[in-house]
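*Asks:* okay, predicted coordinates and the sequence, questions at the end:
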Amino acid sequence: MNASAPMVSIIVPAHNEEALLGATLASLRTAADALGEPYEIVVVDDSSTDRTAAIAREQGARVVGASVHQIAAARNAGAGAAGGSLFVFVDADTIVPARILRDAVQAMHDGAAGGGASAVFEPAAPRWAHRAIGVAAWIMRLAAWAPGCFIFARREAFERAAGFDERYFASEEIHLSRALKRQGPFVMLRDSVVTSARKAEHYSMSHTLWLMLRMLWLPSLRRREGLEFWYTRHDKPNKT
């Protein structure tokens, strides 16, 4: 595709996400339709064995096959296949309100190299999970780090930043946020996307907090072992 096309490319990495992907893509299509400018939705099907690819096609997305087994590499594969000049990366379990997508695209039109939005859990999440994600969101906003579930970048800034760092199996969004800030303005939007709390129903509060602290020790994130929190699928439909 023409890499200079004035188009928004929404990139969704997915591995066995048939339970969640449909709602995510429906929200993205509604939000993108409201933009009034060309867009595409690219789903990176990373070795799924369920109906992930079929659901993506049913929802009108373009499916890119991959066998990378890593979130950073899957996102990079989507960027490499995308045709737009503006990238928006969204996780397969995340609902994006139209106003957030609009503000992200406008920020890039105004010259931002990239940015993101905070995330909140769906209302039914455990109370401790709401507190935990609130603390995480406060820290990430203070540091101007975008969460992996919603991060955006101008194509040229993304390429100069060398994309997501594939040396890491987690925290790759933090590394990209830092790299994008060296390319130009980095904008954290005021509103929040809504992400699934499915992991919170399978892990304890103490284990989740330990994993959050572990992210500060970067060498431990260069191995998949012990990172089941990010790499094990837990099916629970998300809600709009």
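*Replies:* Here it is on my side, so go on.
*Asks:* what pLDDT does the model give Ala143?
*Replies:* As predicted, Ala143 sits at a pLDDT of 88.
*Asks:* and it, how many neighbours?
*Replies:* Counted with other CB atoms under 10 Å, residues neighbouring Ala143 total 11. Heads up, the C-betas are built off the backbone N, CA and C, glycines and all.
*Asks:* next, it: phi, psi?
*Replies:* phi -90, psi -10 (degrees, to the nearest 10).
*Asks:* residue contacts, it?
*Replies:* Residues near Ala143 by CB atoms under 8 Å, 6 or more residues apart in numbering: none.
*Asks:* now the helices: where do they sit in this protein?
*Replies:* 21-33, 52-58, 71-81, 98-109, 127-143, 155-160, 172-181, 205-214, 228-231 (DSSP state H).
*Asks:* quick one: low-confidence ranges for this structure?
*Replies:* Confidence mapping of the chain against pLDDT under 70 gives the ranges 1-5, 199-240.
*Asks:* 80 instead, please
*Replies:* Within the chain, the segments meeting pLDDT under 80 span 1-6, 126, 128-129, 132-133, 136, 169-171, 197-240.
*Asks:* circling back to that earlier point, the helices of the chain into TSV, with extra columns for distance to Tyr39?
*Replies:* Listed next are the helices of the chain as TSV, based on distance: least, CB to CB, whole Å:
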stretch	distance to Tyr39
helix 21-33	4
helix 52-58	15
helix 71-81	14
helix 98-109	9
helix 127-143	26
helix 155-160	14
helix 172-181	21
helix 205-214	33
helix 228-231	28
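*Asks:* what comes up buried for stretch 145-157?
*Replies:* Across stretch 145-157, burial judged by 16 or more other CB atoms under 10 Å covers Trp145, Ala146, Pro147, Gly148, Cys149, Phe150, Ile151, Phe152, Ala153, Arg154, Arg155, Ala157.
*Asks:* Ala117: which of the residues you listed is nearest?
*Replies:* Phe150 (5.0 Å; CB to CB).
*Asks:* and Ala82, how far is that from Pro123?
*Replies:* Ala82 sits 33 Å away from Pro123, taking CB to CB, to the nearest Å as the criterion.
*Asks:* who has more neighbours, the two?
*Replies:* Set side by side, Ala82 and Pro123 show more neighbours around Ala82, with 27 against 9, by other CB under 10 Å.
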